[in-house]
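1. when you get a sec, could you give me coordinates for this:
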Amino acid sequence: MTSNDPTTSGRDPEPGRALDYELLSQLEQKNDSNQRDLAMRMGVSVGKINYCLRAVIDRGWVKVNNFRRSDNKLAYVYILTPSGVHAKMRMARRFLAIKEAEFEQLQREIDALRDEVSRQGPSSATAGPIHQVAPDATSHDGRA
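-> You can find the predicted model right below:
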């Protein structure tokens, strides 16, 4: 199965990096998010966020500080480390290169389609798809 997602397209040698990148970006924007909030914003399960957080913490990309607040017994602050900032930038560069290559390929496909349409002339370009349906010998309730 092919996809435009760098984590599944085969061009990214390390699956899950797109999710890591998104997680680092979310933490950079709002580092006092809880896992449920992160999961909701990223559209994944809390378990997936927990797994990914542990991975980026283990890599040394994120540091966790916990503190007690009166309205929340225990809260966490996720802070990108210098190596986390560098990792995020490396991933951003790699994803940008992938997306630019995909964009260039799409541009070539669009140009080829435009050439094909213009060769067929204006009347066939606006006529729409040609679909003829033969009349059915049976009625809608299945009787002949």
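2. quick one: buried residues of stretch 81-89?
-> In terms of neighbour count (16 or more other C-beta atoms under 10 Å), stretch 81-89 has its buried residues at 84, 87-88. In short, each C-beta sits where N, CA and C put it, glycine included.
3. TSV for those residues, including pLDDT?
-> Below are the buried residues of stretch 81-89 laid out as TSV (pLDDT from 0 to 100):
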residue	pLDDT
84	95
87	95
88	95
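4. need the contact list for residue 26.
-> Counting by C-beta atoms under 8 Å, 6 or more residues apart in numbering, residue 26 touches 33, 38, 41-42.
5. one more time with 6 Å
-> Contact partners of residue 26, counting by C-beta atoms under 6 Å, 6 or more residues apart in numbering, are residue 38.
6. for it, which three-state class applies?
-> Here residue 26 takes the helix state, with states given by DSSP: H, G, I helix; E, B strand; the rest coil.
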